[in-house]
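K.L.:
what's the 3D shape of this:
(2 chains)
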Number of protein chains: 2
Amino acid sequence: MSSTQMTFPDRAAHRAWLAGQSALPAGFRVGSSRFEFMPAEAPKPARMTLTLIALDRPSADFAAVFTRNAFPGAPVLVGRGRLSAPALGAVVVNNKISNVCAPGGVEAAERVCAEAGRLLGFEPSAVLPSSTGVIGWRLPVGAMLSALPAAVASLAPGSVLPAAEGIVTTDLYPKVRRAALVGGSIVGIAKGAGMIEPNMATMLVYLLTDLAVPRADMRRMLSEAVETSFNSISVDSDTSTSDTVALLSSGRVPCPDRAVFALALLAVCRDLAEDVVRNGEGVRHVIRVSVSGAPDFPSARALGKAIVNAPLLKCAVAGNDPNVGRLVQAIGKHVGSQAPSLDVSRLRMTLGGIEIFSGGAFRLDPSKESALVAHMRAAELYASRPPRDGVFSPPIDFPPHERCVEIGVDLGHAGGAGAVVLGADLTHEYVSENADYRS
Amino acid sequence: MSSTQMTFPDRAAHRAWLAGQSALPAGFRVGSSRFEFMPAEAPKPARMTLTLIALDRPSADFAAVFTRNAFPGAPVLVGRGRLSAPALGAVVVNNKISNVCAPGGVEAAERVCAEAGRLLGFEPSAVLPSSTGVIGWRLPVGAMLSALPAAVASLAPGSVLPAAEGIVTTDLYPKVRRAALVGGSIVGIAKGAGMIEPNMATMLVYLLTDLAVPRADMRRMLSEAVETSFNSISVDSDTSTSDTVALLSSGRVPCPDRAVFALALLAVCRDLAEDVVRNGEGVRHVIRVSVSGAPDFPSARALGKAIVNAPLLKCAVAGNDPNVGRLVQAIGKHVGSQAPSLDVSRLRMTLGGIEIFSGGAFRLDPSKESALVAHMRAAELYASRPPRDGVFSPPIDFPPHERCVEIGVDLGHAGGAGAVVLGADLTHEYVSENADYRS
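P.N.:
Coordinates of the predicted model:
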C-alpha cells in the first residue's frame, strides 16, 4: 500500500527519514513526561509515559473512530462523549495501563483530562484521553496528576517525534507518516504492535493537520479512510479494547480542495496501517492479500482477513514454506462456515505473482517451489535466531524494507469488487512476546 | 469432559491403559502396511502408512459426518456418495497426503477403494476412503495398490491398536476410547493434532461397534454426538479439508436400548475429542471454557470458541500468566463483531473457580494472582525447554494427566443455556511444528 516502497540499510537511515516526516503542522505542540509508579494490582513498580498533543486553541474540527470491542476502555467511553463537545484542544495519552474494566475507570480518565485542561487553560471536555497497556488495572491517577506539569512544560512545536516515541509500548520503532498538500500538511503517528495489550499493545493513531476542513466533512472522510486502512489489517486477529484513531485540525491553512484532502488522508492512513503491521509483535513477514473478482468489498475484505488470520498459513509464511494447501484450507474454512453463498468455482490464486491454483486444482511442481521460496525469503524482515535462553526477540529496531509476501486471490466474478488486506506471520518472536514474559 | 480424570506416571502406564481400551468389537479386523514412495510434487522420498479397518461382511448400518470446509478433499467427496451405498464393509486410510484439490483426486481414491474391495471380496462402493496429510499433492496410486495386499494379509481381530497407530501423523501417541454396554461395545480411534495438515494433521475418527442399531438411528445419534464433542473443540481454529467421523456397526449384538447406545456413543466421542485437543500440535495446556446463562447452545458454543481461539489468551495460558484482560478482550471482540445482541451486562467470570470479574469490572488483587498461577501450572502437560537448535518439541509421548485450565463464563441469563468448549494454548512447540520444518 505504501506509495513508495522504501528500504533502510540501518537504524540511522530510518531515523533520518522519520525526522523528515515529523514536521508538526502549524498550531500544534507535543510533549511528554516519564515516571515510575506502584500498580494497585501487582507487587512490583512499573513505568509510564504521559504524552500530550496540544492545539494552540481548541478547534471544532476534529473526528475520531473507536474500537468495536463490546468491552471498550474508559477512555473510549469518554472519547465517544467528546464527539459532541464544542471543541477539542488536546489529547493526553498514557501507556502501560489501558484503563479497561477497571473499577472507577471513567472517573479516573476525567480527572486526568480536567487537570490537563486546567494547566492548558482549556475546558475538561476539550481534552481527549487515550490509554494503552494492561487491561483490568487501575490508572495511577495521583502519579499522573503529579507528572502532568512536566508534560505541559515540555510542549514544543516543530516535531511530532516526541509524541510518536512517547506513546509506544512493545513497538520496535516510532511510526510517523506525512502528506503535504495545498500549502498545509497531514501528519499521523501510530502505536500498535498487537491488536491488544498485555505486554501492552493497542492501536492508537493521531492525525494532525493545519488544513481547515469542517467537522462533518472530516468525520465522513476519516470513517471512509479507516475502512480500507486500519480496518483492513490484522496482526493477530485480536481486537483491542482501546483502539482509537483521532484526527485534529488547527484550521490554520484554508483547504481549497476537500477531495485532495480526503485522498491525502487515505494515503497517510494506509501507510500508517502498513507500518503497524510491519512493526507488529514478532512480525517477520508482512502478508498482503489482494482479493479480486468478489461480489462486493465487504465479502472481499472478510475473505482476505480469514486468510491472513489462519494460524497454520501464518506459521508456513514464518518458515518461508510455500505450503499453499494451508491457503486453500483458509479460504474453504471461511466460505464453508461464514460465506456459503460465495462462489469459489472460478478461484485462481497466485503467490509472488506465480499461478498456484486454477481450474479447481493446484498447479504445482518441484521447479515452482524454489521461486516461491525465493519470493518469501525476499520479504523476510529479519532472520530468526534461536536464543540461548529460549526467549526470541526481533533483532531490529527499524524496518529494513517494505516488501510483502504477495498473495493474489481472484474469485473470477466479472466486474467484481476487491480488497487489499495486510497481515503477518506467526513466529517464535510473537509467542515469546506474549507468553515468555509475565505481564 | 472425560468421565474419569486419569493420570499416567509414564508411557508404559499409558500404553497398558490403551491396551485395555483397544478390544475390537465382534466382526471387525484391522491391519496396515508401511512403504516409501516418491511424491510427484517434491524432490525427496516420503513414507506412508496404509491402514485397513474391515468388517467380516458389509453392513447397511453405518454413519459418517464430514468437514464443512468449502474445499473438501476427494475422499470426503467420495465418502458423501458412500452414504447412499447399500452397505459399507471397510475403511482404507492413508496418511502423508490428504488428496485435496489434487488433479484426478476422486479417480485416485476410487481406484484404491476398488482394489481394496477386490482383495476383500466387497463391491468398490462398500469401501470408504480417508486421507490425511499434505494438501494439493497427488496420491501415489501405484505404490498404494502395491501395498494393499500386505495390509489385507495383516488384518487381525482382537485389538484396534494397529489402526490407531497406523493413522497418526504428528500425533504424539495413539488415541483409543471404549464404552462397554448391553453385551457389546463401542470402540473409537482418532488422529488429529492440528485441525489441518502441515506436517500432516487432520482429524479422522472411526467408531466401531458390534451393537445392532439401524442406519437412520445411527446417523441421527452420530450427528447429535458430534455437536457437543468434535464440533466443540479447536486446537488452532483451522478447519481441515479432510475431517471425517465414521461409525460402523457389525450388528453382531442386539441393542435393546438405543438411548443407552446414544449416551455411550456421546461419551466415547467426548473423550476422543478431549484426547485430540490434549494431543494437539504443541499443546501444553488444555483450556476448558464452560459457558452458562446464555440464550441458547449455539451462541454459548460460539462464545466459547471465540475465547479458546484468541491468540493472545492462548499465549498467556502457555506462559502460566493469568492475564485475564485478554479474556475480556476475546469476549468483547466476539460480541462486538459477531453477536451484538448478546447481553454481557451481567457477565461473571471465574478462572480455576476463582471469581475474577463481576459487576462490570475485574476483581483482582496481588493475593489472587498466586492462586491463579498455581491453577495454570497444575494444568501444564510438560515443561517447555529451550532447545539448543531453536526447534521446540514436546518431551512427552503420553498424556501425564487430564487436568485443564478451567474458565467459567456466566452471562447471567436466567434459565439460560450453556456449552463446554475445549481449546489449547499457543506455544513455541506449535510454531516449531508448523514453521520450523518444511513440508
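K.L.:
C-alpha coordinates for stretch A:295-308, PDB please?
P.N.:
Output of stretch A:295-308 as PDB, limited to C-alpha atoms (Å, rounded to 0.1, in the frame of the first residue of the first chain):
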ATOM      1  CA  PRO A 295     -19.200  -9.700  -5.300                       C
ATOM      2  CA  ASP A 296     -18.500  -6.700  -3.100                       C
ATOM      3  CA  PHE A 297     -15.900  -5.000  -0.900                       C
ATOM      4  CA  PRO A 298     -17.100  -6.400   2.500                       C
ATOM      5  CA  SER A 299     -17.000 -10.000   1.300                       C
ATOM      6  CA  ALA A 300     -13.600  -9.500  -0.400                       C
ATOM      7  CA  ARG A 301     -12.200  -8.000   2.800                       C
ATOM      8  CA  ALA A 302     -13.700 -10.700   5.000                       C
ATOM      9  CA  LEU A 303     -12.100 -13.400   2.800                       C
ATOM     10  CA  GLY A 304      -8.700 -11.500   3.000                       C
ATOM     11  CA  LYS A 305      -9.000 -11.300   6.800                       C
ATOM     12  CA  ALA A 306      -9.700 -15.100   7.000                       C
ATOM     13  CA  ILE A 307      -6.600 -15.800   5.000                       C
ATOM     14  CA  VAL A 308      -4.200 -13.600   7.000                       C
END
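K.L.:
and the closest residue to residue A:113 other than its chain neighbours, what's its pLDDT?
P.N.:
Of all residues not flanking residue A:113 in the chain, residue A:127 sits nearest, at 4.0 Å (CB to CB, 6 or more residues apart in numbering or on different chains). Backbone N, C-alpha and C define where each C-beta goes, glycine included. Per-residue pLDDT puts residue A:127 at 96.
K.L.:
and residue A:127, what does it touch?
P.N.:
Residue A:127 makes contact with A:88, A:89, A:90, A:91, A:92, A:113, A:114, A:116, A:117, A:120 under the criterion CB atoms under 8 Å, 6 or more residues apart in numbering or on different chains.
K.L.:
and chain A, what are its domains?
P.N.:
Following automatic domain parsing, chain A resolves into domains at A:11-278, A:286-436.
K.L.:
so which of the ones you listed gets nearest residue B:83?
P.N.:
Closest approach to residue B:83 among the domains of chain A (CB to CB): domain A:286-436, 18.2 Å.
K.L.:
of the domains of chain A, which shows the lowest average pLDDT?
P.N.:
Lowest mean pLDDT of these: domain A:11-278, a mean of 87.
K.L.:
so how far is residue B:56 from the residue in the stretch 1-150 of chain A that chain B sits nearest to?
P.N.:
Closest residue of the stretch 1-150 of chain A to chain B, CB to the nearest CB: residue A:135 (2.5 Å). Distance check for residue A:135 against residue B:56: by CB to CB, to the nearest Å, it reads 60 Å.
K.L.:
what about these two, which has more around it?
P.N.:
residue A:135 (31 against 14; other CB atoms under 10 Å in any protein chain shown).
K.L.:
show me what contacts residue A:354?
P.N.:
A:368, A:371, A:372, A:375.
K.L.:
and of those, the nearest to chain B?
P.N.:
Distance to chain B, by CB to the nearest CB, is smallest for residue A:368 among the contacts of residue A:354, at 9.2 Å.
K.L.:
quick check: bridge partners of the nearest residue to that closest one once chain neighbours are set aside?
P.N.:
Nearest residue to residue A:368, sequence neighbours excluded (CB to CB, 6+ apart): residue A:354, at 6.1 Å. Beta bridges link residue A:354 to residue A:351, judged by DSSP bridges.
K.L.:
now residue A:354: how far from chain B?
P.N.:
Here residue A:354 is placed at a distance of 14 Å from chain B (CB to the nearest CB, to the nearest Å).
K.L.:
can you give me the buried ones in stretch A:23-30?
P.N.:
Buried residues in stretch A:23-30, counted by 16 or more other CB atoms under 10 Å in any protein chain shown: A:23, A:24, A:25, A:26, A:27, A:28, A:29, A:30.
K.L.:
CA atoms of it as PDB?
P.N.:
C-alpha atoms of stretch A:23-30 as PDB (Å, rounded to 0.1, in the frame of the first residue of the first chain):
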ATOM      1  CA  ALA A  23       7.300  18.300  10.900                       C
ATOM      2  CA  LEU A  24       4.300  19.300  13.000                       C
ATOM      3  CA  PRO A  25       1.500  21.200  11.200                       C
ATOM      4  CA  ALA A  26       1.000  24.800  12.300                       C
ATOM      5  CA  GLY A  27      -0.900  25.300  15.500                       C
ATOM      6  CA  PHE A  28       0.300  22.000  17.300                       C
ATOM      7  CA  ARG A  29       2.700  21.300  20.100                       C
ATOM      8  CA  VAL A  30       3.700  18.000  21.700                       C
END
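K.L.:
residues contacting it, please?
P.N.:
With contact meaning CB under 8 Å, 6+ apart, stretch A:23-30 is reached by A:51-56, A:155-160, A:162-163, A:166, A:178, A:184-187, A:208-211, A:248, A:250-253.
K.L.:
7 Å - rerun?
P.N.:
A:52-56, A:155-160, A:162-163, A:184-185, A:187, A:208-210, A:250, A:252-253 (CB atoms under 7 Å, 6 or more residues apart in numbering or on different chains).
K.L.:
now swap in stretch A:109-118 and tell me
P.N.:
Against stretch A:109-118 from outside (CB under 7 Å, 6+ apart): A:52, A:74-75, A:78, A:90, A:92, A:99, A:123-124, A:126-127, A:129, A:141, A:144-145, A:148.
K.L.:
can you pull the buried residues of that stretch?
P.N.:
So, applying 16+ other CB under 10 Å, buried residues of stretch A:109-118: A:109, A:110, A:111, A:112, A:113, A:114, A:115, A:116, A:117.
K.L.:
now stretch A:11-23
P.N.:
Within stretch A:11-23, the residues that count as buried by 16+ other CB under 10 Å are A:14, A:15, A:18, A:21, A:22, A:23.
K.L.:
tell me the spatial nearest neighbour of the third one, not counting adjacent residues.
P.N.:
When you say that, I think you mean residue A:18. Nearest non-adjacent residue to residue A:18, counting by CB to CB, 6+ apart: residue A:176, 5.5 Å away.
K.L.:
for that neighbour, list each beta-bridge partner.
P.N.:
Here residue A:176 sits in beta bridges with residue A:189, going by DSSP bridges.
K.L.:
for the one 5 residues further on, same thing?
P.N.:
Beta bridges link residue A:181 to residue A:184 when assigned by DSSP bridges.
K.L.:
surely it is in contact with residue A:266?
P.N.:
No: the criterion here is CB atoms under 7 Å, and residue A:181 misses it with residue A:266 at 12.0 Å.
K.L.:
which of the contacts of stretch A:23-30 are buried, as a PyMOL select command?
P.N.:
Burial among the contacts of stretch A:23-30 is assessed by 16+ other CB under 10 Å; the matching PyMOL selection reads:
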select buried, chain A and resi 52+53+54+55+155+159+160+162+163+184+185+187+208+209+210+250+252+253
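K.L.:
among the contacts of stretch A:23-30, which are located in helices?
P.N.:
Assigned to helices by DSSP state H, the following of those qualify: A:162, A:163.
K.L.:
list the ones among the contacts of stretch A:23-30 that fall in strands.
P.N.:
Judged by DSSP state E, the contacts of stretch A:23-30 include A:52-56, A:184-185, A:187, A:208-210, A:250, A:252-253 as members of strands.
K.L.:
dump the residues you listed into TSV; add distance to residue A:382 as well.
P.N.:
Output for the ones in strands among the contacts of stretch A:23-30, formatted as TSV (distance: CB to CB, whole Å):
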residue	distance to residue A:382
A:52	34
A:53	31
A:54	37
A:55	39
A:56	42
A:184	37
A:185	32
A:187	28
A:208	31
A:209	34
A:210	37
A:250	39
A:252	41
A:253	40
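K.L.:
any idea how far the residue minimising distance to the centre of chain A lies from chain B?
P.N.:
For chain A, the residue nearest the mean C-alpha position is residue A:276 (4.1 Å; CA atoms, centre = their mean). Distance from residue A:276 to chain B, counting by CB to the nearest CB: 16 Å.
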